[in-house]
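Q: Kindly generate the corresponding structure for this input.
(one chain, ligands or ions: 2)
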Amino acid sequence: MTLACRIHAAHDLRVEPLEAPPPGPHEVELRLGAMGICGSDLHYFQHGRVGAFVLREPLIPGHEASGIVERVGSAVTRVKPGDKVAINPSHACGQCDYCLGGRFNLCRRMFFLGSASVFPHAQGLLRERFVLGEAQLTTIHEDVSLGEIACAEPLSIGLHAVSRAGVLTGKTVLITGGGTIGCMSVIAARLAGAAQVIACDIAERPLAIATQVGADRVVRTDQVDAASLADSADIAIEAAGSPAALATCLAATRRGGRIVQVGTLPADGIAFPANSIMARELDYVGAFRAAHAFDWAVGYLRTRRVDVRPLLSASLPIERSREAFELAADRSRSTKVQVTAA
Ligand SMILES: [Zn+2]
Ligand SMILES: [Zn+2]
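A: Ligands and ions are numbered 1, 2, ... in the order given. Next comes the predicted model:
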């Protein structure tokens, strides 16, 4: 038996015992290292849904985790007991047209841990022990913490969003949202050669963190007139998942520029700004999860070429998962809250 955190419905989160099956030949039993609470986990907790993905049975949330190998199946060769590993939560089929075209994140038969996008739901990683296929794991030999390694998935989202933005060398990039994905996008934009990175938010703390991870300039969008931002960016990355933030991106992006939507907007929809996109020749593109960028993220973290430590605001044991979720929901106190094994 092991301990797992399950969301039964909005605001109904329980830490309860769960059966822990032994690993099969190509599988590995892991002990949780750290698991970051993501905006999507919070959406399941607060609203019972994320965009179009609605809870239809209890869900173990969590897709941003690191672990320590406890036991390996008879045919496992990539990892051994005691290894510290990064965990890729994305299981693409490898065979559909999208996978064959290299766009694994768009796989037709995607199984992504901790998600209600499929039914039965893909149970996630917020449990003390779990079993995964060895192909999902990368051993980290370097002296970086389990909390840092658990940031590989959110960093991959920022890297993928920036890769959807096109060439950034010499460009000014405006990013809305100073939470984890906004900050990961700041980091990724700098890695990609942006000349200037502007971070926007409606609260002070996220902007302070964005500055720590490399934003050149910050803007409190609740305190300025959107028109004052006109023509200030070549590229905008909308990481807040808010209609107001998208409006900021539309106002700020220069003619012929590009807006990348990486935040999930509310399910009830927004008026689509077709005429602004048309008349100003804007590119409006989506960025969903990550494909190759997971391995890039692991590479940047293991050497601390990317240092995510400013984002790690708290770490609580699994028994205190409810408290961890409440803390994660409070942006005045938290960026990334992580849960650990007891
Ligand atoms: Zn996430
Ligand atoms: Zn596929």
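
Q: what does the chain have sitting close to ligand 2?
A: 92, 93, 96, 99, 107 (CB under 5 Å from the ion). (Each C-beta comes from the backbone N, C-alpha and C, glycine too.)

Q: What degree of burial does the closest residue to residue 81 other than its chain neighbours show, as a neighbour count?
A: Distance criterion CB to CB, 6 or more residues apart in numbering; nearest residue to residue 81, sequence neighbours excluded, is residue 69 at 5.3 Å. Residues within reach of residue 69, counting by other CB atoms under 10 Å, total 22.

Q: so who does residue 69 touch?
A: 28, 29, 30, 79, 80, 81, 82, 83, 85, 137 (CB atoms under 8 Å, 6 or more residues apart in numbering).

Q: could you redo the last one with a cut-off of 10 Å?
A: Shown in contact with residue 69 (CB atoms under 10 Å, 6 or more residues apart in numbering): 23, 28-31, 76, 78-85, 134, 137, 139.

Q: what's the answer for residue 175, then?
A: Residue 175 neighbours (CB under 10 Å, 6+ apart): 158, 161-162, 181-186, 188-189, 194, 197-201, 210, 215, 233, 235-240, 245, 249, 260, 262.

Q: Can you give me the neighbour number for the residue of the stretch 101-250 of the chain found nearest ligand 2?
A: Distances between the stretch 101-250 of the chain and ligand 2 by CB to the ion are smallest at residue 107, namely 3.2 Å. When neighbours are defined as other CB under 10 Å, residue 107 has 21 of them.

Q: Run a quick neighbour tally on the closest residue to it other than its chain neighbours.
A: Closest residue in space to residue 107, ignoring its immediate chain neighbours: residue 92 at 3.8 Å, by CB to CB, 6+ apart. By other CB under 10 Å, 21 other residues sit near residue 92.

Q: Could you do residue 68 as well?
A: Residue 68: 15 neighbours (other CB under 10 Å).

Q: same thing with the one 3 residues further on?
A: Other residues near residue 71 number 15, with proximity taken as other CB under 10 Å.

Q: in the sheet, who's paired with it?
A: residue 29 (DSSP bridges).

Q: you'd agree it is up against residue 21?
A: No: applying CB atoms under 10 Å, one finds residue 71 not in contact with residue 21, separated by 11.4 Å.

Q: Check the contact lists of those two and give me the overlap.
A: Common neighbours of residue 71 and residue 21, counting by CB under 10 Å, 6+ apart, are 27, 29, 131.

Q: so who does the last one touch?
A: Shown in contact with residue 131 (CB under 10 Å, 6+ apart): 20, 21, 22, 23, 24, 27, 28, 29, 30, 70, 71, 73.

Q: Could you pull up phi and psi at it?
A: phi -120, psi 130 (degrees, to the nearest 10).

Q: Can you list the strands that the lowest-mean-pLDDT helix or strand in the chain pairs with?
A: For the chain, the helix or strand with the lowest mean confidence is strand 49-50, at a mean of 90 (criterion: mean pLDDT, DSSP states H and E). Here strand 49-50 is paired, per DSSP bridges, with strand 53-54 (antiparallel).

Q: Show residues contacting the strand it pairs with.
A: Counting by CB under 10 Å, 6+ apart, 40, 43-44, 47-48, 59, 112, 115-119, 121, 264, 267 sit against strand 53-54.

Q: Out of the residues you listed, which end up buried?
A: Using 16 or more other CB atoms under 10 Å as the burial test, the contacts of strand 53-54 include 40, 43, 44, 48, 59, 112, 115, 116, 121, 264 as buried.

Q: Which two among those are spaced furthest apart?
A: 48 and 112 (18.1 Å; CB to CB).

Q: circling back: looking at the shared contacts of residue 71 and residue 21, which is nearest residue 342?
A: Closest to residue 342, out of all of the shared contacts of residue 71 and residue 21 and judged by CB to CB, is residue 29, at 16.5 Å.

Q: still on that earlier bit, buried only: go through the contacts of residue 131 for me.
A: For the contacts of residue 131, buried by 16+ other CB under 10 Å: 20, 23, 27, 28, 29, 30, 73.

Q: Thought residue 26 was touching the last one, still the case?
A: Yes: counting by CB under 10 Å, residue 73 touches residue 26, with 5.7 Å between them.

Q: Touching both of those two, which residues are there?
A: Common neighbours of residue 73 and residue 26 (CB under 10 Å, 6+ apart) are 133, 134.

Q: Tell me which of the contacts of strand 53-54 fall in helices.
A: Among the contacts of strand 53-54, the ones falling in helices (DSSP state H) are 40, 43, 44, 47.

Q: OK, contacts around the residue most central in space within the chain?
A: For the chain, residue 154 is the residue whose C-alpha lies nearest the centre (CA atoms, centre = their mean; 3.1 Å). By CB under 10 Å, 6+ apart, the contact set of residue 154 is 36, 38-39, 63-64, 179-181, 183-184, 290, 297, 308, 311, 336.

Q: sec struct for the residue in the stretch 201-342 of the chain that ligand 2 sits nearest to, please.
A: Closest contact between the stretch 201-342 of the chain and ligand 2, by CB to the ion, is at residue 291 (10.8 Å). Secondary structure for residue 291, judged by DSSP: H, G, I helix; E, B strand; the rest coil, is coil.

Q: So it sits against residue 102, correct?
A: Yes: counting by CB under 10 Å, residue 291 touches residue 102, with 6.8 Å between them.
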